[in-house]
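Colleague: Sequence and predicted model, in that order:
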Amino acid sequence: MKIGITCYPTYGGSGVVATELGKELASKGHEVHFISYAFPHRLKHFVENVYFHEVEISSYPLFEYQLYSLSLTSKMLEVIEYEKLDLMHVHYAIPHAVSAYMAKQIIKKNNQDIKIITTLHGTDITLVGLEPSFLPLVKYSIEESDGVTAVSRFLKEKTITNYHINKDIEIIYNFIDTDLFKPAKKCQYKKHVAPNDEKILVHTSNFRTVKRVPDTIRILELVKKEIPAKLLLIGDGPDRSECERLARELNLQNDVVFLGKQDGLADILAEADIFLMPSQSESFGLAALEAMSCGVPVVSSSVGGLPELIIHNETGYIAEFGDVQRMAKYTISLLKNEKKYSVFSKNSRDRSINVFNKEIIVPQYEKYYEKILSS
Ligand code: GMT
């Protein structure tokens with residue numbers, strides 16, 4: 001198959017899923033064409049069967065704002081026509097599904113057809129898409145897609161209720177490479193971060209308000225009252241300065257380590273003891289799956305799709321969002337009970353392998369592509 005993929009190329013989870021999917025499809029012999037404004041960061045180097053098409057954004061004094069969606073449509077048109085794509089798979093509805101829809105309409109005039117599949121990831125549905133100015137456009141572009149997938153049952157249901165969409169939405173969960181994200185206590189980071197054998201709590205995100213990163217610092221404060229512990233914060237974004245200020249205010253500046261954006265996440269996660277995800281909104285929680293695959297139990301909030309990923313009292317614990325007391329209590333109870341900890345750790349790893357492994361999920365996408373192409 002010849003597949004076009006459009007995604008955000010930066011650090012967000014939707015871009016990670018799209019890029020890893022493209023790489024997997026390419027390794028199975030499909031031809032994959034990424035179309036975006038920058039080279040997807042997870043692509044890193046040359047991969048056979050993978051091509052990248054950069055969207056050029058033209059500037060003109062009259063255009064006070066850049067016309068990215070239109071430039072993207074033009075690039076899609078060009079790639080669909082000259083590379084003879086069978087389908088376009090766009091990740092994150094805004095603006096990708098709209099650009100793809102326009103490309104499809106234009107290409108139709110040339111008697112060529114292209115199937116459009118849109119994967120809904122999260123805030124495209126739960127936050128940004130709900131803005132009154134975007135809502136009709138998001139609804140229309142979803143309805144007009146030939147196929148629509150959502151990364152959790154929660155997100156599928158939210159799409160149907162929030163947008164009154166009467167359309168089949170396929171749930172295809174996010175996936176993980178369990179050979180890359182695996183338990184491996186190499187103690188590379190531990191000796192720097194926790195030289196006195198403190199427990200390591202870890203959190204990775206884009207530090208947006210929905211992630212509630214300050215809650216992780218408040219959890220650490222409570223945990224530290226009972227167990228020596230450090231908190232490793234990975235990533236960067238709008239709330240980072242507030243978190244740094246909070247760490248100083250609580251006199252935890254030596255216990256909270258801000259690593260910023262990092263590659264090689266698998267190695268860092270593998271050395272952690274507990275992963276914290278106190279989000280206010282989370283359609284799936286790919287970062288939590290990465291930790292689980294490394295055998296790290298997750299303590300999270302109960303929002304969105306998190307209960308579909310984390311099994312309470314088996315692979316980790318879930319608590320109401322904002323309830324830092326309870327999340328700290330769960331963290332302490334796991335860290336204090338070695339036997340329970342190793343059961344949870346094994347359960348997390350097993351669940352990643354048995355339910356979310358790329359070998360299980362990627363064929364679901366291939367099957368869905370075939371279904372849409374033959375419809
Ligand atoms: O929707 C977003 O906030 C952006 C998106 C991203 O690009 O990081 O995150 C969403 O998609 C991820 C991959 O499917 C999910 O793991 C995240 O849970 C989801 N984020 C939210 O729902 C807040």
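Modeller: Noted; the coordinates are in hand.
Colleague: The lengthiest helix in the chain and the ligand in contact?
Modeller: Of all the segments assigned as helix in the chain under DSSP state H, the longest by residue count is helix 338-355. No. Applying Cβ under 6 Å from any ligand atom, one finds that helix 338-355 is not in contact with the ligand, the shortest distance being 14.0 Å. To be clear about C-beta, it is placed using only N, CA and C from the backbone, and glycine gets the same treatment.
Colleague: With stretch 175-192 instead?
Modeller: No. Stretch 175-192 is not in contact with the ligand by Cβ under 6 Å from any ligand atom; minimum separation 10.1 Å.
Colleague: Could you check the next helix or strand after the longest helix of the chain and say which residues are buried?
Modeller: Using DSSP states H and E, the helix or strand that directly follows helix 338-355 along the chain is helix 358-373. Judged by neighbour count using 16 or more other Cβ atoms under 10 Å, the buried positions of helix 358-373 are K358, I361, V362, Y365, E366, Y368, Y369, I372.
Colleague: tell me which residues in the longest helix of the chain are buried?
Modeller: Applying a neighbour-count criterion of 16+ other Cβ under 10 Å, one finds Y341, F344, S345, N347, S348, R349, R351, S352, I353, V355 buried in helix 338-355.
Colleague: What are the contacting residues of it?
Modeller: Helix 338-355 is contacted from outside by 173, 176, 178, 181-183, 273, 289, 291-298, 311, 314-316, 333-335, 360, using Cβ atoms under 8 Å, 6 or more residues apart in numbering.
Colleague: Now the phi/psi pair for E242, please.
Modeller: phi -60, psi -40 (degrees, to the nearest 10).
Colleague: meant to ask about T178
Modeller: With angles defined as degrees, to the nearest 10, T178 sits at phi -70, psi -10.
Colleague: swap in D255?
Modeller: Comment: the main-chain dihedrals of D255 come out as phi -110, psi -10, following degrees, to the nearest 10.
Colleague: Model confidence at it, what's the number?
Modeller: According to the model's per-residue confidence, D255 sits at a pLDDT of 97.
Colleague: Now do the same contact list for it.
Modeller: Contacts for D255 were tallied using Cβ under 8 Å, 6+ apart; they are L220, K224, A229, K230, L231, A247.
Colleague: hmm, back to that, can you tell me which of the buried residues of helix 338-355 is closest to K104?
Modeller: V355 (33.7 Å; Cβ to Cβ).
Colleague: who touches S301 in this structure?
Modeller: For S301, the contact set (Cβ under 8 Å, 6+ apart) comprises 212, 277-280, 282, 318-323, 327.
Colleague: What about those, which one has the most neighbours?
Modeller: Each of the contacts of S301 was scored by neighbours using other Cβ atoms under 10 Å; the highest score is E282's, at 30 neighbours.
Colleague: so where's the stretch 151-300 of the chain shaky on pLDDT?
Modeller: Flagging of the stretch 151-300 of the chain using pLDDT under 70 yields the residue ranges 186-187.
Colleague: Find the nearest non-adjacent residue to the residue nearest to the spatial centre of the chain, please.
Modeller: For the chain, the residue lying nearest the average C-alpha position, counting by Cα atoms, centre = their mean, turns out to be G13 (2.2 Å). Closest residue in space to G13, ignoring its immediate chain neighbours: L286 at 4.1 Å, by Cβ to Cβ, 6 or more residues apart in numbering.
Colleague: re the thing from before, just give me the closest of the buried residues of helix 358-373 to D236.
Modeller: Lowest distance from D236 to the buried residues of helix 358-373 (Cβ to Cβ) belongs to K358, with 27.0 Å.
Colleague: so the closest one sits right up against K23, yeah?
Modeller: No. Between K358 and K23 there is no contact under Cβ atoms under 8 Å: 9.6 Å.
Colleague: How about the contacts made by the residue in the stretch 101-250 of the chain that the ligand sits nearest to?
Modeller: Evaluated by Cβ to the nearest ligand atom, the stretch 101-250 of the chain has G122 as its residue closest to the ligand, separated by 2.5 Å. Residues in contact with G122, defined by Cβ under 8 Å, 6+ apart, are G13, S14, V151, L155, S281, E282, S283, F284, G304.
Colleague: cutoff 6 Å now
Modeller: With Cβ atoms under 6 Å, 6 or more residues apart in numbering as the criterion, the residues that contact G122 are S283.
Colleague: Tell me the residues of this protein that contact the ligand?
Modeller: Counting by Cβ under 6 Å from any ligand atom, the residues of the chain close to the ligand are 8, 12-15, 17, 121-124, 151, 174, 210, 281-286.
Colleague: out of those residues, which are buried?
Modeller: Among the residues of the chain next to the ligand, those buried by neighbour count (16+ other Cβ under 10 Å) are 8, 12-15, 17, 121-124, 151, 174, 210, 281-286.
Colleague: R245 looks like it's in a helix, true?
Modeller: Yes. When DSSP: H, G, I helix; E, B strand; the rest coil is applied, R245 is found to be in a helix.
Colleague: ok, so what distance separates it from K225?
Modeller: 21 Å (Cβ to Cβ, to the nearest Å).
Colleague: of these two, who's got more company?
Modeller: For R245 versus K225, the count of surrounding residues by other Cβ under 10 Å is larger for R245: 12 against 9.
Colleague: where exactly do the strands run in the stretch 101-250 of the chain?
Modeller: Along the stretch 101-250 of the chain, the segments classed as strands by DSSP state E, counting those that start in this stretch run 115-120, 147-150, 170-171, 199-204, 229-234.
Colleague: which helices and strands sit right next to the fourth one?
Modeller: The one in question is strand 199-204. Where contact means 3 or more Cβ pairs under 6 Å, 6 or more residues apart in numbering; DSSP states H and E, strand 199-204 is packed against strand 229-234, strand 274-277.
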